[in-house]
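[1] Let me see the structure of the following:
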Amino acid sequence: MGALRTLLITFTAAVAAAATAVAGAAGASTSADAAASKRCTRLAAKLVKLTRHAPSGLPRGANASFSPICFDFTGDGRRDVAFAILSGGTAGATHWAVFRGVRTSSSRLSRRYRKVAERFSGSKTRLVRSGRLLGVDNPIYKRDDANCCPTGGTSRVLYRVGRSGVVKVDSLRLAP
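    Residues are numbered from 1 along each chain as shown. Next up, the predicted model:
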């Protein structure tokens, strides 16, 4: 059973990494944008290990983060990082986390970034940026929907990211 779980986590992480790379490449207008997207994905892959909800038993090199966003959400001139955390199963990403950049001379990742939020949000979580706000999207399941196929649209909750946490600003229901 452990080998099957490892295989499933590896497959899910590979699919997520490919989707992130495709989404990043599709939105990248220059090679500099593509390089920044790749750096953001690598950074999120390292930071996810500092969360409580990263799946255990990931093979070396597997990435448990999904849809990373590197942006100065706090407005302090330093890069902040937000990403969804893959569950390792069919639910996809179920949690999300935000780390803010900290000014320091340390080379240790845990000193250069401070976790300001780590939350559960349900299955198939996806993050989006809306101006300076962080949007957390989750599918809405109707009564008879299978796990694979929600038909009720999307719920989006918008958060303002601060130095010490996140504050819910608004929530929207997006049509299917």
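[2] Can you pull out the low-pLDDT segments for this structure?
    Residues of the chain that meet the criterion pLDDT under 70 lie in 1-29, 57-62.
[3] what ranges do the helices span in it?
    Using DSSP state H, the helices of the chain run over residues 2-27, 31-47, 109-112.
[4] Give me the residues contacting the last one.
    Residues outside helix 109-112 that contact it (Cβ atoms under 8 Å, 6 or more residues apart in numbering) are 46-47, 50, 101-102, 104, 106. C-beta coordinates here come from the backbone N, C-alpha and C atoms, glycine included.
[5] Phe71: which of those is nearest?
    Gly101 (10.3 Å; Cβ to Cβ).
[6] Skipping its backbone neighbours, what lies nearest that closest one in space?
    The shortest distance from Gly101 to any residue other than its chain neighbours is 3.2 Å, reached at Arg78 (Cβ to Cβ, 6 or more residues apart in numbering).
[7] okay, now that neighbour: neighbour count?
    Arg78 has 14 neighbouring residues, counting by other Cβ atoms under 10 Å.
[8] Let me see the contact set for it.
    Contacts of Arg78 (Cβ under 8 Å, 6+ apart): 72, 100-103.
[9] would CSV of these with neighbour count and distance to Arg112 be doable?
    Formatted as CSV, the contacts of Arg78 follow (neighbours: other Cβ atoms under 10 Å; distance: Cβ to Cβ, whole Å):
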residue, neighbour count, distance to Arg112
Asp72, 14, 14
Arg100, 23, 10
Gly101, 18, 7
Val102, 15, 6
Arg103, 8, 9
